[in-house]
Each structure stands twice: as structure tokens, then as C-alpha cells.
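Visitor: My questions concern the predicted model and sequence given below.
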Amino acid sequence: MSLSAYYLRPDGTVQRDLSKKQIKDAYESGEGLLWVDVEETIEEDGSFLEHDLHFHHLTVENCISPLIHSPKIDDFGDYVFITAHGINHEAESEIVETAELALFLGPNFVVSNHNTPLYCVEAVRQMVEDDGRPMRRGADFLAHALVDILIDNVIPTIDKMSDFAEEIEEEVIHNPHQALLEAIMKLKRSTLRIRRAIAPQRDILNRLSRGDYPMVKEEARIFYRDIYDHLIRIEDLNQAIRERADNALTTYLSSVANRQNEVMKVLSVVAAIFLPLTLVAGIYGMNFDYMPELRVHWAYFAVLGFMGAVIAGVVWWFWAKRWFNWGHRRFIRVNPFLVDGEKIRGHLTRLTKRPKGQ
Amino acid sequence: MSLSAYYLRPDGTVQRDLSKKQIKDAYESGEGLLWVDVEETIEEDGSFLEHDLHFHHLTVENCISPLIHSPKIDDFGDYVFITAHGINHEAESEIVETAELALFLGPNFVVSNHNTPLYCVEAVRQMVEDDGRPMRRGADFLAHALVDILIDNVIPTIDKMSDFAEEIEEEVIHNPHQALLEAIMKLKRSTLRIRRAIAPQRDILNRLSRGDYPMVKEEARIFYRDIYDHLIRIEDLNQAIRERADNALTTYLSSVANRQNEVMKVLSVVAAIFLPLTLVAGIYGMNFDYMPELRVHWAYFAVLGFMGAVIAGVVWWFWAKRWFNWGHRRFIRVNPFLVDGEKIRGHLTRLTKRPKGQ
Amino acid sequence: MSLSAYYLRPDGTVQRDLSKKQIKDAYESGEGLLWVDVEETIEEDGSFLEHDLHFHHLTVENCISPLIHSPKIDDFGDYVFITAHGINHEAESEIVETAELALFLGPNFVVSNHNTPLYCVEAVRQMVEDDGRPMRRGADFLAHALVDILIDNVIPTIDKMSDFAEEIEEEVIHNPHQALLEAIMKLKRSTLRIRRAIAPQRDILNRLSRGDYPMVKEEARIFYRDIYDHLIRIEDLNQAIRERADNALTTYLSSVANRQNEVMKVLSVVAAIFLPLTLVAGIYGMNFDYMPELRVHWAYFAVLGFMGAVIAGVVWWFWAKRWFNWGHRRFIRVNPFLVDGEKIRGHLTRLTKRPKGQ
Amino acid sequence: MSLSAYYLRPDGTVQRDLSKKQIKDAYESGEGLLWVDVEETIEEDGSFLEHDLHFHHLTVENCISPLIHSPKIDDFGDYVFITAHGINHEAESEIVETAELALFLGPNFVVSNHNTPLYCVEAVRQMVEDDGRPMRRGADFLAHALVDILIDNVIPTIDKMSDFAEEIEEEVIHNPHQALLEAIMKLKRSTLRIRRAIAPQRDILNRLSRGDYPMVKEEARIFYRDIYDHLIRIEDLNQAIRERADNALTTYLSSVANRQNEVMKVLSVVAAIFLPLTLVAGIYGMNFDYMPELRVHWAYFAVLGFMGAVIAGVVWWFWAKRWFNWGHRRFIRVNPFLVDGEKIRGHLTRLTKRPKGQ
Amino acid sequence: MSLSAYYLRPDGTVQRDLSKKQIKDAYESGEGLLWVDVEETIEEDGSFLEHDLHFHHLTVENCISPLIHSPKIDDFGDYVFITAHGINHEAESEIVETAELALFLGPNFVVSNHNTPLYCVEAVRQMVEDDGRPMRRGADFLAHALVDILIDNVIPTIDKMSDFAEEIEEEVIHNPHQALLEAIMKLKRSTLRIRRAIAPQRDILNRLSRGDYPMVKEEARIFYRDIYDHLIRIEDLNQAIRERADNALTTYLSSVANRQNEVMKVLSVVAAIFLPLTLVAGIYGMNFDYMPELRVHWAYFAVLGFMGAVIAGVVWWFWAKRWFNWGHRRFIRVNPFLVDGEKIRGHLTRLTKRPKGQ
């Protein structure tokens, strides 16, 4: 069975591993604080949520369904149903997936639901096991702890993407190959994916922090507001990564064009040097009876000298037209200058580790 | 005649195949629940709707006209007139068409109108024939069933487009031909078409779920809200497909440029190798009387050796400048990394089959 | 003189060709319905409008001025002044011009003003001459008839542009020449022009249909709402044409790049075949005394054979690298697939001819 | 001293050249209408405005500072402070500069401030000198006259830019050189500059015309609304110019690509004709002992004939593949078609000259 | 210890270097004006702020954390907590960093917090040390002084970026090398960074100037409005720089294409001249027994003459097709014309130096 429940009794003691019967009793007592966590919800759990805890059929269906749902908040009077998105950072695979956490938040209960193991649930469970702290200030603070950790857990992924963007930026200047394009495209899609997961949650947290729901107490609102500020910051960082990807793309495409210029210049220089000389050699290879130069003793060496002069002339001409150093060896007058570029990563790393206060 | 009608009598029995007279009586009784479905509306049906059921002239004109109308909701006090859009997925042809469903929704009647056979009407009719279930909870629930199935039926098309996008992404890397461009353009137009059909419906369902209309009861609103959430999800998926098409386009255009680079490199290498050697051969083909090298016994072999050395030198030079592996054989330092790309399709498939609850 | 006036007397008879005196009397009676149409307004007409009918100076100046004014609606208490835009479709020239219709709408009068002949005025005048129908339901219905026909008359131009977009799409694949670019640019400018004429009218019709003005009766509002829906539909179609133009542009630019690839491939293949062979011929054309091959009886034929082998080898190499069929003869795995592309035109044609109901 | 003042006495006479003392008296009388124009404001003027006329310190600082300020309107209860932007069209230089007019508008006074000579102030001053007309209807009408002329004076610049856009469009087709790119960029920057000057003023005039400020009388509002409509029109025209610049840019870039195609085709044709023939000549220039063709009497002429045939064949092949007329001589099936392109300029010219009514 | 405090006693004297005890007493007295500045906040300072001054835990955590937080304003009833962003212009390094200033603003106290030395705090401290002026008008004016200087200090960076944009624009025309692309990208990223720092502050200052918070007095609001206007102006200038960067990018990419055209033209001209002549030379180098021309005495000179004629003909042909002056020597009909481009920098410089009034 995938249910685990904690009950903070009115007397301040924490009860663990409640049976369904005990959950129902605690739920109906209207006192203390009940936290039920449902993982990999099956039909049986759904039935318990719908018939014993009286949650709305649609919300229970939402929990059972293995699909991704858009972040949202629905008000059912006695409780609100929240769907929040984060990123399941534990997964070791290359594909980082969006993680979904559903919460039923009532005046004295929190029911959390998720179909994959979530770090945020694990972390809060640990704290509850330790000393019951996250449950002592009420249901709204418990829900805040879950959502806060869920969303802050996006940061390591942003951090990884920022590293990735940096590698791409370096590669695109020194080694602009086709595979890089694919990497840039993947990075862009990742930022879009994160934006789509994060952006709709701003509205939800705005409503939670503004006092639309009575189960979120006045003193808890500022904490939801704090999550809201984190979302804004995550979007900012994500947007910055996207801009770096776009710039890398422009640089890549321009590199391809520059490289083609270089190839063409090699070709043109080769042709400009050797085609005229081949003509000269061809002329003196003609078999006319009367070609007076052929009889001159030093003519062969004169022609060789002339050929050398032509080579020197052509090379000088290209040099004078600066073909050999386009975009390479010229003095660059422009002083590179950047407003706040490198700091982002440092911030990210620290942000991930920052202490949480409640 | 293209009318078919069902009447759920106040005593709970379902009456089928009502005559126009019976429809009118049931309509005027103000009791039970009447469902009239009008397919391929003709003038005569229009006249019945306008004069017997007293619907507004403009709405009836809307039903008769074979045109596509923008999604909208109009409030006429006694009833609302809803125009909803879906996709007629039954059609086997390459061109998937937008399907239009018009609904008159009153306190105890639903009149549905459409000019092409619609899967959603068929599915609800089947359920009504079976046990009358969709009609037992009132007109608002019946209308919800129709619109819900209509909109969920967009999912298989999105699924097909997602497959298509995947094929394009694979092709664009391995075989970037001109025909692919056309496919990308078609995919982009399809996503735009779907966005135009879906986006205006968000407002309609928002208003239905928010309690603007008295014929939608409190308990039904959350179900309309559920359709609203599906619309958001469909738009998300559609937008993701569009972004993949845009990325495929960029990749395609970059491939064309890369391929040109490759062509030019072949040309430059060939010219750089053979033009100098041809000059050498030309020089020793000149007919000067005094060319001392020609008399040397081993000179011919020396020249051949020199030519071989030139070839080796040029090849080495190009190899040192890494011309031969631009974008191909280099070690790629960048670790491909993607946030939630592949999961979309799996979700789609399951979403199409999910059970509907009311 | 460019005034023409109709007066629907309170007894239901229609009086024609009123003199200015009669117009003034009818205007001041406050009964029946007066319609004055002013074409190519001159100073004298302006003076009549300002001093006899007491319209505001700025509105009259607006009528006299030959300029295009942005669509707007101004409320003067007793009457509203509407500026609406359509397209003068009668004009046979290549340049289709925006047409402007100014309307003074009061409780029992409509004064229409335009500086070019307008089809909508002509059509309504004809109906009034026939049986006075458009005037029988009041000033708001008469104004609706004028604006409705004015705006629906944009459809044939949209239709023509849609044809044009189709021709361009076909040409751009089979014959991408520079002149096509100009045509695409013209199409884009046309869609922008139409958007600029149509978009500001949405707000005007929204306000008319929402009951902001007392001279628009409750029962007429739904008819103005109907025009609003047409505007939305026209914008949709116009936007779809714009997207097709954008796609055609991308296709065109990509075709230019592909064509260049083709040119370069011809060049590279020619060079790769003939430059090495020319070197071989050059080598055996050298005049060294000791070149043992030259003495061999079958050497000439061996060299010819070797040359043939080189040609075969190079051709095979290019064939193996698939240079000859890039983007042309390959099997295309991608199944073209399009959501609702072709239907737009059919709709347009029918939309133009649809019966008008009031 | 840079102050000039006019005072319309309550008895209807206009007093000129008031001293600072007289200005202060008239200002404090609360009767008649006082107009003070301050040009090239110095500290002393600022002190007079701040201490004698009691304007807020920040507004006076605004007047003294030679900087450009964003358009805005600030309400100080007794008066409003308006910053409006136009274009100083008198300047003969290539660089057209944004002109700034600051206005203090109170119930019976207008104080105008500007640091460069402005045509609008000059024009109104002339009218006041003539017959005092712009001052006879109150402070709101005087301020309207100043702002109206200021903004209409943008039109000649728009007109010039429209001419410029037309020249660019013609050049870009017939002579697409690099300098044109710079011209396009300048045009784009100019349109952006005008948009930035015009757009924020819409909000200001909207608020003035909507009755937010008591010193703008009911009857004057429609005149401010009229300026608002002009702003919309100017933005429309400006936007149209920007679109033409964007189109010219696309055409230019496409021309560069087309021209490159042409260059490459010349190269490819030359190589395809002469490289094979050179090989043939090279073969018969080889010095093998046994080359039977060389002994044939008519062989030389046969080879020449063969060469001619090769040339004809290659030319025919390129002709058959339509290389010689890509984008040039083909029949263009597409009928150029444009909605309302050419009329814009005509309108502009007339708009500049139109009579102003108050 | 990193706290420094000033206290303006109710009797108008300024007390410096208060101890924590004194700060707490002054804070609780509710009289006078207390300014506490906390730099490089450590845990101990945080504890003082939280437990002695009773600020909310989350705001104190915000101060201690070394991270960048999005600009925001939070209302805690007794005080507001403001996070504002500027640019730390003092830093001499190439990387200009965003600076963050946190403010607690209450009726009679201001607590400022920052983790890096800030010029604005230093400047205000100096003024307080001098004569206590910024503190004499109340807490709202003191906070205004800090934020005003913080934000105006962005101007020198904008100025530097404007210089940089100008250099880039010049370079991109005369020397378009790859390194320039990187500089353009950096400039674009800088403008985005500034926009992200500035844009969210508009909302904060709008709320401060609109009277949402009682601790901002009526008379101080117009000063906050003034900062708001500066933000708008800074965004305008920043946006203009971004547009110049975008234009430079387009110019750069077009230059690369033009340069390639030039390279290809050199190649084509060389090939078109020398390949035909090499063929001619090759023909007369053939060893046929019967080649009558070879016997003609003047044939060699005739061939040389013919070759010269071919060169002249090809050169003439290219000249006639205007290959040699594409984009270079042609008369440019278009008169460069620009609305207000050069003035921006001058304004900037002056703006930085302008006197501040309170």
C-alpha cells in the first residue's frame, strides 16, 4: 500500500503509520494536523480519497491519471486542490522530467499525491520524523514546505543548463560543428519546457499569497509570496539561458558563413596564382614553327623568373586587399564589455544550498 | 429528415425518435430534459428552430450556413448559443478539417447542430441509447459531455502531428532535402490552425465555468473548468510541436549551408592539389631549346617525386587546418541534455484513451 | 448637388428626393426615420450639416476632408459619429483602396457620408427604393445594414488575395525567381493594410453591441455583435494569408540556397574529374629525354584506359556520397499532412454570396 | 530675456510684452487668460516660475534642464504639467531632432517652455498677434492649439521618410549595393525614434480628452480627442514605413544571394566548357611514340569539330536546365496586386496643408 | 561591525555612530528619523534586525543571503521592505555587476542593507555628515535620495554602452571581423541584463508614487514619480542601444555575404579569362602531323594577338555587366537621412551630471 500518514495530535505528539480507519477519524476530528502522502496512486487509494475523505471526483481522477496536468488551483470551499510542477532532479538519465505534485489543502489536513518519488516529500517527511517541525505551524505551513522545496529543486537543473550553455558558447567559437546545433536546439527546448512548467505557477502562488483562500493564514501568506519571488528569479535565469542559446545560434550560423568565406578565399587565391602561369607554360608549349623566344638561350630562365614575379604580384595584391587576415589578425579596437554575465552561475550554486527558514 | 430527438421524461424514462410536435410539447413543458440533434441543417429545420422553438433568427442562420464561424457564446436570457470547434478526426483524407458544433443550451433542453457527422455526438447518442446516463444530471451535464468529447478528439491529431514532427526532426539531420521544407511548413500551418481553433474557446469555457449563465449549475461548473484545463494542455502540446517545427527549420537551413561548405571544400582541395602540379607539367612541356633539366637522366622521376611531395604537403596542410573533419569527426565535448522531450507522445496516447467521469 | 435623402414617414410611406428644407423639417420632427446620404462632400454640404442639422464642427470637417481617418466612434449625446473602413471592391485597377464611410446615427436619423461611390450605400439605397425594408426597423437597423455590407465587401478582396497566395506558393516551388519576392512582399503589405483597417473596428462594434449608446436598441445589438464576429473571421483569414506569405518567403530563400548548392556541385564535379586528368595528360606532354613510358607501344591506350577509370572512380565516389540526388530523387519518408488548409477559399466564395437577414 | 507674455484681459483686449510684475499680477488676478512663453530657459526664468508663479520645483527643474524627458502629464491640482514631443522640422540639417514642449496649463493661464525655437509656438503667436483668436476660448483651447500644431508638424518628416522609403524600394531592386543597407538601417531607426516620441503621448491625450482634469472644459475635450486620432494616424503611417523598410531589407539580402548565384553560374559554365576541352588538347599533346590518331591527316580538324560539338552540348545542357534565365526571362504567372500602397503619400501631403478648425 | 547609524533627533541635531542599544531606543521612541545602514550583513546583524527591530524573518534572511533577488516591495503594515537594483559603477573590471539595495522604510526610520559598497549610500552619507540635509524632510525623502542616486548611477554604464555601440557601428562597416560578432552579442546581453534589472522597478515606483503606502507622504510622491520617469527614460535609451546592436548584427551578416560575393567574383573573372586561353594554347600544343596553322610564319603572333583580344573581350563583358563596381563605386541616389540619432549620447553625459533637487 502506497499511503503514508502522519498525525499531529492536538496535544502536540506526532502519530505515524496511521491505518485508513485512523486517517478517517483524524480527518473528521477537525483538530490537530493530518498529513497523508499518496504515492503511485491506484484505484483503491482513489476510492479512499473520494468516499472516505470526500474529495471531488475530478480531483481524485486527476491523482489517479498518470498524465501531466497543467499547474492549477481549484477552490472547493472546504479545501483547495493544487497541482504544482517541479523537476525530478534525482533521475540520473539524460532526460530530466517534469515532476507533478498534487495537494489537497484544508484547514487541518494536507493530502499530497505524486506518481514518482519526489525529493521534496522525502525531505519534509525526514523533518517530520525528526521532530515534527514542519507540521507544528499548521496545514498552510506544511503545504508551503512541500511546494517550496519542490520549486527550489529546479535550481540544480538550471545550474546544469547554465554550465551547458557556457560549454556551448565556448565550443561555438572554437569548433563550430553541426552537432553543436543540435545541442543548442536541445537547450532551447529545455528552457521552453521549464518556462511552461514555471510560468503558470506564478498565478497560483500569487493567489495563495494574496489571501484568496481562508485556509492560508495571514502569517503564512508572506511565505507563499517568497516562493512567488523564487519563481520570478527562476524564470529570469531561465530566460537568460535562452538568450545565451539564441546568441550561440547566431554565432554558429555566422561561423559557418565565415568558414565558407575562408574556403572560397583559398580557392580563389590558388586559381589566381596558377591559372595565369599555366597559360604561360601552355603558350611556350605550342608547336608553331616560328616562335623566336624558344631559340633564345636564357628564355627558359626568363620565363621561370617571370612566373615567380607573377606569383609575388598576386600574393601582394591579395595581401594589399587584406584577404589573408579578414577577421583574424586585425587589431580589434572594440573593448569587450559585458554587464553581469559571469555571475549567474555562482549565484545559482549558492542558491541551491541556501538555508530555508520558516 | 435530419432531426433526431431524445426526451428524458420527469419520471426518468427516455423517449426516442420524437416527432416535431412531440419535440415542441416537450420543449414547452419546461420539465425533464430534451435533446435535439440536427445534422446537415436545411431551411425546413431552420424554420422549425426559429418558429417553433423560438430561437433567434441570427443563431438559426448560423446553423444553416455551411461556413465556419469563430467560436463564441451568446446569451439570449432563456438560453445560450455556443459555437465550439474541434477536429473531425474520422476523416481519412490527408486534410484534417476543423469541425464545428453549435449548441443551444437552456434550463431543460440542449439542441445540438452540426453540418458534418461528429464523433462526439455519436458517442453521447450511444450512451443515451444504452442507459440514458449523460442526460440524467441535467442539460448542463449533457452539453458538457458533447463539448468534452469534441475537444478531447483533437488529441489524436496532435498525436499524429507529434509523430510527424519526430519524423521530420530525424530526417532533417540525416537527409535534409527540399521536400522536407514543405513538410515543415505544413506542420507549422497545422499548429497555427489548431491554435486558432482552440484559443478562442478558452474564454468561452472560462465564462461557462465561472457562473455567468444560470443554466450551468454550481456543481457542473467544475466540469467545464476541467475542459478549460484540457484546452490549456492542448495549447501547450501544440505550442511544443510548433517549436519543434521551428527548430527543424533552423536545422534544415543550417544543413544547406554546411553542405555547401562541404562542396566548396572538395572543390578547393582538388584545385589546390592539381592546379600547381599542372603548372609543373606545363613548364616541362615547354619547347625552349635550352632547358637543362630535360637532359638529366633521372629528372623525370625527380619531377614525379616532387609532385607526390606537393600532394602530400597540400593534404597535410588541409589536414592541419582541420578541413577534413569540420563538423564531422571531432570529439564533441558537449553532453546532450534535454528537459522532458520524449515523454510528450506517451502522454498523448494515454490521454486519448482515458476514462471520462461525470 | 451630392445629397440624396429618404424619409420614412410615421405613417409608413417612404418619401424620396427631399429638398434641404424638407430634410431639416423631417430632422427636427423627431418622428419617422430620415436617411441622408452625402457623396463627395463639398463646403456647402458641410455648412448644411453643421448649421441646419447642428452636427459638431470637427465631425463635419472630417467629412469634408478627403483624407483617410482612423476608424472611431464619438458620442455627442444626441447622436454618435462613426467612421468605418471597408475596401472599395468596385475599382478595377490593380491597387485596391481602403474606402471610408462616415455615419451620423441618431434616434430617428442616419446621415451617411463618403467621398467615393460605395457599393454598400448603393445596395441599401436599392432596397429602400424597392420596398423601404431596411428603414422599417429604425435608425440602428439602417446603420447596421450599411456597415454590414461595407465590411462583408472586404471578403472578395481577401478571396483574391487567397488565390494570389496559392499561385505564389505553387510558383515558389517550381520557379523561384526574384520577381516572386516582390509579389510576396506586396501580399504581405496588403495583409498588413487590411489588418490596420479591420482591427480598430472591433472595438467600435464591441461598443455598439454592448449597449453603450441609447440609439442602438436592445434587439439591434445582437446584429452588431454579428458584424463583430465577421470582423474576427476576416482577421483570421487575413492572418492565415499572411502566414502563407511568410512561409512562401522562407521557401523562396531556401530555394535560392539550394540552387546555389546545385551550381556548386556541378562545378566541383567538373573540376574533380578534369583537373586530375589534365595533369596526367600534362605529365606525358613533358619533354624529358628519358621518360621510359613514352616508348612503350601500348602506353597511350593504357593512359586512356586509366583516365576512363579515374572518371568512373570519381563519379562513383560522388554517387556514393549521394551528391547527385541531394534533395531530389530520394524517397521521402515523411507523409505530408495538413490541418485544414484548402477549405478556406471555398468558404470565402460562399461567404460573399450568403443571404443577409435582419 | 527670453520670456514673452500675452494677456487677454477680461474686457477682451490683448495686452503684449508684459513685464514680470504684470505677469504676476495677471496670474494672480484669476481672470482673463495669460500666456507666457519661455524659450531657452535660464536659472533666472526658473526662479520666476518657481517663486512668483509657484510652480513645483521638479517641473521647473525639468524646464531648465536641457535634456529630453519622456512625454508625461502630472497633475498638481491647480495646474497640470504636460511634456509633449514633436519634431523640429525647421532644422535644415540631415539629422532631424525631437523637439520638446513643456506646458503649464491652469484654469486661466498657459505657460509654455521650450529650449529650441518651435514652429508651433511661432504659428500660435502669429495668430494671437493678428486677432487674439486662439486665446478667446480659454486656456484649454490655447494649449490645444500649441499641441495640435506641434504634433501635426511631424507629418512633413513622415512624408520625407515615405519618399525616402520609396527611393530605397526602387534602388533595392535595380541597384542593391551595400550603402543601401545603411540607408535602410537609418530609416528603421528613424521610425523607431518617432514611435518612441509619439506612442507615450497617446495616453496623455486620452487622459486630457476623457475629462480627468477640470481645467479642460467639456467642449474642449473633443478637440483633444481629435489630436489623439491624429497620433493614431501618424503611428499607422510610421508603422507602414517601417514595414516597407523591413521588406526592403529582405529584398536586399535576397538580391545579394541571387547575385552570388549568378556569379557562381558564370564560373560553373566556364569551367564546364573549358576544362574538358583542355583535357582533350592535353591528350593530343602527349609525347607517346605510338599514338595512331596523330598520323591521320584530317584528325586535327576532327578534334576541332569534336571540341565545337562539346561546347554546343554543354551549352545546350545548361540551357535545358534553364540556368541562363533563372529569375530573369521566365514568364511570371503571378499578377502583382496590392491593397492601398500608393495612396499614403498623397494623403500625407494633403494632411499637412489641411485647415485647422477650432 | 558593519552597522553605521545616524539619528536626527526631534530637536534637529544629528547623532552619529549609535550603539545597538541607542539604535533600539531611537527606533522605539517613534520620534525623529533613524537611518541604519548595514553593509555585508552577517548573522549577528540579522539577529539584531529580527529580534531588536522586529523585522520579519524572511526579509532579514533576504538581507543576509548573498544572492540577487528580484526587485520587489512588500508591505508589512508598520514598514515596507523594498529591494531595488542598480549597477555598481565603481567596479573597475570589465564585468559590470548588478547591485542590490534593500530598504526597510517606516514612518520614522530607514534601514538600508547591501552586500557590496554602494555609491548611492556613500553619497547620501556624505550629505548627512555635511549638514544632515537628506534626513530633514522625513524617512520617505531619505529613502528617495538613496533610490534616486542608485538608479541615476546606471546612466554612466548606459553611456559607456552607447559609446561601445558607436564603435561597433563604425567597425562593422569598415572592418567586419568575427570578433565583432562577439562584441555585438555581449552588448545585446548587457542591454537585456539592464532591462531585467530596470523593468520590474517601474511597478515598485509606480506604487510608491501613487500613495499605496502611508509612510510616503503626499508631498514626497511626486519625487518618486520623478524616479519613475527616469526609469522610463533609461529603458528608452537601453532599448535604443539594443536596436543599434541588432542593426549592427544585420549589417555584419550582410557584409559577410557581400565579401563572399567579392571573393567569388575574383575567382570567376580569373577563370573566365584564363581557362579559354589555356585551351587555345593547349590546341596548338597538340602533336598532330597535319596542323596547317603551325607552319604559318606569323601564326604565333596572331595567336598571341587573339589571346589579348579575348582578355579584352572578357574584361569588357564583365565591365558591361557592372561586376567590378557592385556596391562600390556607383552613384548612390539615396540621401541618408536620420531622425535624432546622434543626440542620445550628449544627453546621457549631461544627464549624469545634472543637479538633484529635493
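Guide: Now that the structure is in, tell me what you want to look at.

Visitor: Report whether stretch A:187-194 contacts chain B.
Guide: Yes - judged by Cβ under 8 Å from any Cβ of the partner chain, stretch A:187-194 comes into contact with chain B through A:187, A:188, A:189, A:190, A:192, A:193, A:194. Just so you know, the C-beta spots here come from the backbone N, C-alpha and C atoms, and that holds for glycine as well.

Visitor: With stretch A:109-126 instead?
Guide: No - judged by Cβ under 8 Å from any Cβ, stretch A:109-126 makes no contact with chain B; its nearest approach is 11.5 Å.

Visitor: Just the CA atoms of that stretch, as PDB, please.
Guide: What follows is stretch A:109-126, C-alpha atoms only, in PDB (Å, rounded to 0.1, in the frame of the first residue of the first chain):
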ATOM      1  CA  PHE A 109      -5.100  18.400   6.700                       C
ATOM      2  CA  VAL A 110      -2.700  18.200   3.800                       C
ATOM      3  CA  VAL A 111      -3.000  15.300   1.300                       C
ATOM      4  CA  SER A 112      -0.100  15.100  -1.100                       C
ATOM      5  CA  ASN A 113      -0.200  13.000  -4.200                       C
ATOM      6  CA  HIS A 114       2.500  12.100  -6.700                       C
ATOM      7  CA  ASN A 115       3.200   9.300  -9.100                       C
ATOM      8  CA  THR A 116       7.000   9.400  -8.900                       C
ATOM      9  CA  PRO A 117       9.200   9.600  -5.800                       C
ATOM     10  CA  LEU A 118       9.800  13.300  -5.100                       C
ATOM     11  CA  TYR A 119      12.700  14.700  -3.200                       C
ATOM     12  CA  CYS A 120      10.500  17.400  -1.600                       C
ATOM     13  CA  VAL A 121       8.200  14.900   0.000                       C
ATOM     14  CA  GLU A 122      11.200  12.900   1.200                       C
ATOM     15  CA  ALA A 123      12.900  15.900   2.700                       C
ATOM     16  CA  VAL A 124       9.700  17.100   4.600                       C
ATOM     17  CA  ARG A 125       9.000  13.500   5.800                       C
ATOM     18  CA  GLN A 126      12.500  13.400   7.200                       C
END
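
Visitor: how about it: buried residues?
Guide: A:109-115, A:118-121, A:123-125 (16 or more other Cβ atoms under 10 Å in any protein chain shown).

Visitor: Over to stretch A:73-90?
Guide: Of the residues in stretch A:73-90, A:73-74, A:79-89 count as buried by neighbour count, 16+ other Cβ under 10 Å.

Visitor: Quick check: the farthest pair among those?
Guide: Spatial extent of those (Cβ to Cβ) is set by the pair A:79 and A:89 at 28.8 Å.

Visitor: Residue A:41 and residue A:100, how far apart?
Guide: According to Cβ to Cβ, to the nearest Å, residue A:41 stands 11 Å off from residue A:100.

Visitor: the more surrounded of the two?
Guide: Between residue A:41 and residue A:100, residue A:100 has the larger neighbour count (other Cβ atoms under 10 Å in any protein chain shown), namely 25 against 22.

Visitor: Kindly indicate whether that one is helix, strand or coil.
Guide: Secondary structure, DSSP: H, G, I helix; E, B strand; the rest coil: residue A:100 is strand.

Visitor: Got the confidence number for it?
Guide: According to the prediction, residue A:100 has pLDDT 88.

Visitor: same question, the one 3 residues further on
Guide: Per-residue confidence (pLDDT) for residue A:103: 94.

Visitor: Spell out which parts of the stretch 251-358 of chain A neighbour chain C.
Guide: Residues of the stretch 251-358 of chain A lying near chain C by Cβ under 8 Å from any Cβ: residue A:285.

Visitor: try 10 Å this time
Guide: A:267, A:278, A:281, A:282, A:285 (Cβ under 10 Å from any Cβ of the partner chain).

Visitor: Okay, now the unreliable bits of the stretch 51-200 of chain A?
Guide: A:89-96 (pLDDT under 70).

Visitor: Out of the buried residues of stretch A:109-126, name the ones that lie in strands.
Guide: Among the buried residues of stretch A:109-126, the members found in strands (DSSP state E) are A:109, A:110, A:111, A:112, A:113, A:114.

Visitor: Can you tell me which of those residues is nearest chain E?
Guide: Using Cβ to the nearest Cβ, residue A:110 comes nearest to chain E of these, at 21.2 Å.

Visitor: what sits against that closest one?
Guide: For residue A:110, the contacting residues are A:6, A:33-37, A:79, A:82, A:103-104, A:124, A:134-135, A:138-143, A:145-146, A:215, by Cβ atoms under 10 Å, 6 or more residues apart in numbering or on different chains.

Visitor: same thing but at 8 Å, please
Guide: Taking Cβ atoms under 8 Å, 6 or more residues apart in numbering or on different chains, we find residue A:110 in contact with A:33, A:34, A:35, A:36, A:103, A:104, A:139, A:142, A:143, A:146.
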